[in-house]
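Undergrad: Any chance you could fold what I've pasted below:
(6 chains)
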Protein chains: 4
Amino acid sequence: MSTVRSPRMARRPVTRLPPERRHDEILAAARAVLREVGYERLKMTDVAERCRISEGLVYRYFPTKDDLLERVCEAWFDEILEVEPGIAEVKGTYERLHYVVRWSLSVVRAEPALTRYILTVMRARTDFRSRRLFELNRRITGVVASVLQEAVDAGDFGADIDVRLLRDLVFGALEHQTWAYLRGEGDFDVDETARGITTVIYRGMATGPARRSCS
Amino acid sequence: MSTVRSPRMARRPVTRLPPERRHDEILAAARAVLREVGYERLKMTDVAERCRISEGLVYRYFPTKDDLLERVCEAWFDEILEVEPGIAEVKGTYERLHYVVRWSLSVVRAEPALTRYILTVMRARTDFRSRRLFELNRRITGVVASVLQEAVDAGDFGADIDVRLLRDLVFGALEHQTWAYLRGEGDFDVDETARGITTVIYRGMATGPARRSCS
Amino acid sequence: MSTVRSPRMARRPVTRLPPERRHDEILAAARAVLREVGYERLKMTDVAERCRISEGLVYRYFPTKDDLLERVCEAWFDEILEVEPGIAEVKGTYERLHYVVRWSLSVVRAEPALTRYILTVMRARTDFRSRRLFELNRRITGVVASVLQEAVDAGDFGADIDVRLLRDLVFGALEHQTWAYLRGEGDFDVDETARGITTVIYRGMATGPARRSCS
Amino acid sequence: MSTVRSPRMARRPVTRLPPERRHDEILAAARAVLREVGYERLKMTDVAERCRISEGLVYRYFPTKDDLLERVCEAWFDEILEVEPGIAEVKGTYERLHYVVRWSLSVVRAEPALTRYILTVMRARTDFRSRRLFELNRRITGVVASVLQEAVDAGDFGADIDVRLLRDLVFGALEHQTWAYLRGEGDFDVDETARGITTVIYRGMATGPARRSCS
DNA sequence: CATGAATGAGTCTTCATTCAT
DNA sequence: CATGAATGAAGACTCATTCAT
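TA: Model (predicted):
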């Protein structure tokens, strides 16, 4: 009951940082660890060690391990959306589609561990749909969806096409094409894969005889 | 399930079983537990309890927990392939495609926990490709792939189509369409979903003006 | 309360206060927190937050958590003794006894958390008797004891009565009657309880046939 | 995710015990540790060490620390009730009352740490009333209560006496008289204390001029 | 004087795996 | 063969207290 604690002995030299900064550092460290060992073996200790910080401090910023990892993903998604690419300047349905598919693939390519974490752990959570991460994810897939919608609106794709389904098709293919990579079984070529997916979708959906013939 | 039965319980009567039989019983028990609690909470104790067997005996048959779970998946895949459906009797590219998509969906629908386990844990393993499970998985997706190949061969689909990519498209869409279900967020309609996926693929790929117009 | 405020919050403006004032403010805050969450969950952070002060400053005034809590109790006791009631004006053994029992009960009623803290934590300390708190407690129970002593002196209670024992009887009964309340299991009526205890004691102790018959 | 664990190295010689036996041993060890260090500093490790057992095994028998300690108390209460004393053979209200008070005091005297634990921690629990321990406690205080009730029924105590209140008086006094001891501040004499309490109660309650005059 | 970031020693708890009987 | 008691290595999380700024 008496909760008095004995004082500390020697201690490593303490480095003080403004909270904002520390917060981001922990986030970065967690991301790095996640990248290196994968989420299955990520330990809070490792994250702390990474920033040369005590475990307790990590908990000061992030209440639980799950929360930390979720924040890592959110930060990554925020980053992705921030660097929102120059889609505005790309013209033509095929090119626009190709652009966003390529963009999505390069995101995966850049962070396989995070992708894998989201694909396996986060997405499997029962409350996934109610989290900010889900919303962010929507925003990302939404970029692709809106390109598809434009294609329908412009009459390039059949008017009766279910855009949601088409979007799932794109991302499903994207996932399948990258799983080997996510598993660490070798690389994939962003350009080539993007070209492949785009072509199939485009050829499949495009109306009229004017279908662009692709490589 | 996880009710750690206090060790004060009466000793269960020893039942001797032929090895083959016991092996299968354990497999069945593990599968049942996996189905009920999900792999995150599956404990070896629970599996043992399920067949009214000691933990030690489980280890006599399966060296580790991971191994056991892998065998469970293999057994499931074997079963799926055994019950190989009457695809032979279905005629017409569209119908054949619809048939195998529907079949795949019903497999997922019947065993969400196993599907989820494979999609998240097994598939993420770095040595996935070298395992029998990978091979079995290929055989399953191969059923779909061969239907697609036939369509190309028959000239129903464009000759320049990448069948592997198309297969990934199908399974990717399938996964995306079922994740909510796998997460436990509600059901999906096998027929409707199969129809949707098939239609998009078929419409997208079919050559000539003779494209079947679908509901 | 325990909402560990994330360290990202804006820095609070520094307010300088005369030491005496700050000391009392911290005491008041600790008392408030104790009242709200109970001692098991009282955290130094919460106390600091309460007076919009840093943890470090709390430690400038009180060396340890235990010390702080002890001071809180002392301050409370001081307060109780200060507000020493108009016992002087009450006449008659029964009435005087009733008066002090009622007074004691209302003290408990007003501060269940503090009472509970003293009854459980403080009183259990091995060095309790050597603390000022013990002395203060004596002074409080002493008020009752002196009323009892007067009764003996006045011949209203038997001359051979052990006043200390009687005092323990009174406070023991008081404690037992209030535990449910202290545990948070519902209220008790100060008047009724006081009447009950007083009556039993009085009837039990009063000499002669002239015993007051009570409600 | 992969949950395979590496095998153990050297290990201390394992001692196997029938569960019933082990269960009791842990209970006894916990009780001993409680006695020695007090509940505030009782650690599961210590309990395990005491029986030369791993911590994990303790958890096999008792799901949590709180549960273990509660079982310790229950076992103690069971024991107390089992050794139910020869009250049946004692005659006369005063003697019977003295007998049970003495019995209660010797229980406290024998296990100060447990008494203290119950008085402080257990009793303060909000769900105390719904636990078996509460029921057992009732049974114990009930022994005293029934002696008091008999006294009322026999006309030895006034018919208008509130037996529940009287019981609280007895136990309250008992608690107050023993707190110093529980705190470890010195011993108390069971006989003398029992005599004192009994006398006050008896003298206070007994009807008629025939009141037994006591030492 | 004030701040609050930083520390780190605990504690509890879980469970795959082993091995004495 | 069978049992299930026993192990022990992790790992998550808490919070009183310190001290650089």
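
Undergrad: can you tell me if stretch A:43-59 touches chain C.
TA: No. Stretch A:43-59 is not in contact with chain C by CB under 8 Å from any CB of the partner chain; minimum separation 8.6 Å. To be clear about C-beta, it is placed using only N, CA and C from the backbone, and glycine gets the same treatment.

Undergrad: quick one: average confidence on that stretch?
TA: Mean pLDDT, computed over stretch A:43-59, is 95.

Undergrad: quick one: the helices in chain A?
TA: With DSSP state H, the ranges of helices along chain A come out as A:19-37, A:44-50, A:55-61, A:65-82, A:93-110, A:112-117, A:123-124, A:132-153, A:163-182, A:190-205.

Undergrad: Those: which one's closest to C:Leu42?
TA: helix A:55-61 (19.0 Å; CB to CB).

Undergrad: For the closest one, enumerate the helices and strands it packs against.
TA: Packed against helix A:55-61, as judged by 3 or more CB pairs under 8 Å, 6 or more residues apart in numbering or on different chains; DSSP states H and E, are the following elements: helix A:19-37, helix A:44-50.

Undergrad: Flag the shaky bits of chain A, pLDDT-wise.
TA: For chain A, the stretches flagged by pLDDT under 70 are A:1-13, A:84-85, A:207-215.

Undergrad: Send me stretch A:90-98 as PDB with only the CA atoms.
TA: Output of stretch A:90-98 as PDB, limited to C-alpha atoms (Å, rounded to 0.1, in the frame of the first residue of the first chain):
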ATOM      1  CA  VAL A  90      -2.400  13.800 -66.400                       C
ATOM      2  CA  LYS A  91      -4.800  13.600 -69.300                       C
ATOM      3  CA  GLY A  92      -6.800  10.700 -70.800                       C
ATOM      4  CA  THR A  93      -8.500   7.900 -69.100                       C
ATOM      5  CA  TYR A  94      -5.900   5.300 -69.700                       C
ATOM      6  CA  GLU A  95      -3.100   7.500 -68.600                       C
ATOM      7  CA  ARG A  96      -4.900   8.700 -65.600                       C
ATOM      8  CA  LEU A  97      -5.700   5.100 -64.500                       C
ATOM      9  CA  HIS A  98      -2.100   4.100 -65.200                       C
END
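
Undergrad: and the helices and strands packed on helix A:55-61 as JSON lines, adding mean neighbour count and distance to DNA strand E?
TA: What follows is the helices and strands packed on helix A:55-61, written out as JSON lines (neighbours: other CB atoms under 10 Å in any protein chain shown; distance: least, CB to the nearest atom of the strand, whole Å):
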{"stretch": "helix A:19-37", "mean neighbour count": "18", "distance to DNA strand E": "4"}
{"stretch": "helix A:44-50", "mean neighbour count": "18", "distance to DNA strand E": "7"}
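
Undergrad: Adding distance to C:Val143, write those out as CSV.
TA: Conversion of the helices and strands packed on helix A:55-61 to CSV gives the following (distance: least, CB to CB, whole Å):
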stretch, distance to C:Val143
helix A:19-37, 52
helix A:44-50, 55
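
Undergrad: can the helices of chain A go into TSV with extra columns for distance to C:Val83?
TA: What follows is the helices of chain A, written out as TSV (distance: least, CB to CB, whole Å):
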stretch	distance to C:Val83
helix A:19-37	45
helix A:44-50	51
helix A:55-61	42
helix A:65-82	48
helix A:93-110	70
helix A:112-117	62
helix A:123-124	62
helix A:132-153	53
helix A:163-182	72
helix A:190-205	79
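
Undergrad: Around A:Leu81, how many other residues sit close by?
TA: Using other CB atoms under 10 Å in any protein chain shown, A:Leu81 has 13 neighbouring residues.

Undergrad: Which residue comes closest to it once chain neighbours are left out?
TA: Of all residues not flanking A:Leu81 in the chain, A:Arg139 sits nearest, at 6.0 Å (CB to CB, 6 or more residues apart in numbering or on different chains).

Undergrad: distance of the one you found from A:Arg123?
TA: 16 Å (CB to CB, to the nearest Å).

Undergrad: Have a look at the two and say which one is more surrounded.
TA: A:Arg123 (19 against 14).

Undergrad: Quick one: residues contacting the more buried one.
TA: B:Trp179, B:Arg183 (CB atoms under 8 Å, 6 or more residues apart in numbering or on different chains).

Undergrad: Number of residues surrounding the closest residue to DNA strand E within chain A?
TA: Taking CB to the nearest atom of the strand as the measure, chain A has A:Gly56 as its residue closest to DNA strand E, at 1.7 Å. Neighbourhood size, A:Gly56 [other CB under 10 Å]: 9.

Undergrad: can you tell me how far it sits from A:Ala48?
TA: 8 Å.

Undergrad: How about A:Ile118?
TA: Taken as CB to CB, the span from A:Ile118 to A:Ala48 is 23 Å.

Undergrad: With A:Ile80 instead?
TA: Taking CB to CB, one finds A:Ile80 at 27 Å from A:Ala48.

Undergrad: now A:Trp103
TA: The value you get for A:Trp103 to A:Ala48, if CB to CB is used, is 34 Å.

Undergrad: what's the answer for A:Gly86, then?
TA: A:Gly86 is 39 Å from A:Ala48, by CB to CB.

Undergrad: thinking again about what came up before, need the helices and strands packed on helix A:55-61 in a markdown table (columns: distance to chain B).
TA: Converted to a markdown table, the helices and strands packed on helix A:55-61 look like this (distance: least, CB to the nearest CB, whole Å):
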| stretch | distance to chain B |
| --- | --- |
| helix A:19-37 | 12 |
| helix A:44-50 | 19 |
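
Undergrad: For B:Leu174, which of those is the nearest?
TA: helix A:19-37 (28.1 Å).

Undergrad: now for that closest one, which elements pack on it?
TA: Counting by 3+ CB pairs under 8 Å, 6+ apart, helix A:19-37 packs on helix A:44-50, helix A:55-61, helix A:65-82, helix A:112-117.

Undergrad: Once you drop chain neighbours, what's closest to A:Gly38?
TA: A:Ala113 (5.9 Å).

Undergrad: Now do the same contact list for A:Phe198.
TA: Quick fix: residue A:198 is Thr, not Phe. Contacts of A:Thr198 by CB under 8 Å, 6+ apart are A:Tyr94, A:Leu97, A:His98, A:Val101, A:Arg102, A:Cys214.

Undergrad: residues contacting A:Asp78?
TA: Taking CB under 8 Å, 6+ apart as the test, what A:Asp78 contacts is A:Leu136.

Undergrad: Hmm, A:Pro112 is touching A:Glu185, no?
TA: No. The pair A:Pro112 / A:Glu185 is not scored as a contact, 10.7 Å apart, by CB atoms under 8 Å.

Undergrad: Comparing the two, which residue is more hemmed in?
TA: More neighbours surround A:Pro112 than the other of A:Pro112 and A:Glu185, with 17 against 14 (other CB under 10 Å).

Undergrad: Pop the domain breakdown of chain A in here.
TA: Taking automatic domain parsing as the domain assignment, the ranges for chain A are A:19-62, A:72-205.

Undergrad: and these as TSV, adding distance to B:Leu174?
TA: Converted to TSV, the domains of chain A look like this (distance: least, CB to CB, whole Å):
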stretch	distance to B:Leu174
domain A:19-62	25
domain A:72-205	7
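
Undergrad: So which of those domains is nearest DNA strand F?
TA: domain A:19-62 (3.1 Å).

Undergrad: The closest one and DNA strand F, are they touching?
TA: Yes. Interface with DNA strand F: domain A:19-62 contributes A:Arg41, A:Leu42, A:Lys43, A:Met44, A:Thr45, A:Glu55, A:Gly56, A:Tyr59, A:Arg60 (CB under 7 Å from any atom of the strand).
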